[in-house]
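Asks: Have a look; sequence and predicted model below, questions after that.
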Amino acid sequence: MALLPPAADWYEKKIAKDEKMWIVLSVLVCLIMFAWMIIWHVYGKQNPSSVTYRTTPREFSQLCDAFNKKYQVGEDQGIPVVMPPAGGDVFLMAQMWRWSPVLILKKDQWYNFHISSLDLLHGFSLQPTNMNFMVYPNYDYVLKFKPNAAGEYKVICNEFCGVGHHTMIGKIVVIESESELGKYGYSAQYINTSAPPGNEPPAAPLTEEELAAKGAELYKSKACNACHSVDGSKLVGPTWQGVYGSTEKVMADGSETEVQVNDEYIRESILTPNAKLVKDYPASMQPQVISEDEIKAITAYIKSLK
Ligand code: CUA
């Protein structure tokens, strides 16, 4: 029961003329907007149509690694530069806070573009065009597209994804012929073409130095360098220099405690970064997609940073 009930016959009363006009007008606006949606989909300059598949960060990063290895022609600031054949699949991986690899595509050729994220939601925005996609982990976002103008394009992240969000800039270069590559500082030479197919002799176990060298590569390729310095300077995360063997104050389950930085703690911090977070650092790291061998290599590298 309302405090001030309306008159009993309010429902039967005729609506006023100007009220009727507004109803007609708003229905008309709805209809026009609805039609416009369909018209714009066909005639407007819209994002290319896409298909989405289920994947996992681990599966997607393996596909990316294989793709990068096969078609790599160089490296740009630690990120592989990859030139896939026209008409094929292309992989682009988003991760805090970078896009990998740098892609070299041919103008007027169709590509099957796969995009996914390794950690959290990022936004793919191709500059200076009007292409925008959400990039989720666990979804392989596939779109068919044909670059129609040569030049260098930047991939900007347009979803806030943490303190390094603004540094998350990738690159796609569209060329008409391979002779233009020099202009961008790249070459057309595939790096891994001579790799023997399969049956290599079993590798000897790596020495501590070799492991550390592998770890140093992973430090760049896994983008650890986005948050951890190796020279003692403070970034988003603690520096790796001199950290091995030290005792750190950490927050575990909301209370302060101390840990010794050893193999076990490093492994835990890579796989479940926020379990024991070093005090006064933000919980911005995501669990990493990484193998046990890679963890060993990174640990050896950290150990070597005295
Ligand atoms: Cu990735 Cu913002």
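Replies: Sure thing, it's come through.
Asks: For the closest residue to I191 other than its chain neighbours, give me phi and psi.
Replies: Distances taken as Cβ to Cβ, 6 or more residues apart in numbering place Q72 nearest to I191, at 4.7 Å, with adjacent residues excluded. (C-beta placed from N, C-alpha, C; glycine too.) Main-chain torsions, Q72, degrees, to the nearest 10: phi -70, psi 130.
Asks: you'd agree Q72 is up against N192?
Replies: Yes - with contact defined as Cβ atoms under 8 Å, Q72 reaches N192; the gap is 6.2 Å.
Asks: Those two: which is more packed in?
Replies: More neighbours surround Q72 than the other of Q72 and N192, with 19 against 11 (other Cβ atoms under 10 Å).
Asks: The ligand versus the more buried one, what's the distance?
Replies: Going from Q72 to the ligand by Cβ to the nearest ligand atom, to the nearest Å gives 23 Å.
Asks: ditto for Y111
Replies: In this view, Y111 and the ligand are 22 Å apart by Cβ to the nearest ligand atom.
Asks: Tell me what that residue is bridged to.
Replies: Counting by DSSP bridges, Y111 is bridged to F145.
Asks: OK, contacts around it?
Replies: The contact partners of Y111, taken as Cβ atoms under 8 Å, 6 or more residues apart in numbering, are P84, A86, G87, G88, D89, V90, L105, K144, F145, K146, P147.
Asks: per-residue confidence for the nearest residue to K171 once chain neighbours are set aside?
Replies: Closest residue to K171 apart from its sequence neighbours, by Cβ to Cβ, 6+ apart: V102 at 4.7 Å. Model confidence at V102, expressed as pLDDT, equals 93.
Asks: what about V102, neighbour count?
Replies: Neighbours of V102 (other Cβ under 10 Å): 25.
Asks: Can you select the buried ones from the contacts of Y111 in ChimeraX?
Replies: A single ChimeraX command selects the buried members of the contacts of Y111 (16 or more other Cβ atoms under 10 Å):
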select :84,90,105,145,147
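Asks: just to revisit the earlier point, mind listing the shared neighbours of Q72 and N192?
Replies: Residues touching both Q72 and N192 by Cβ under 8 Å, 6+ apart: none at all.
Asks: Cool, thanks, talk later.
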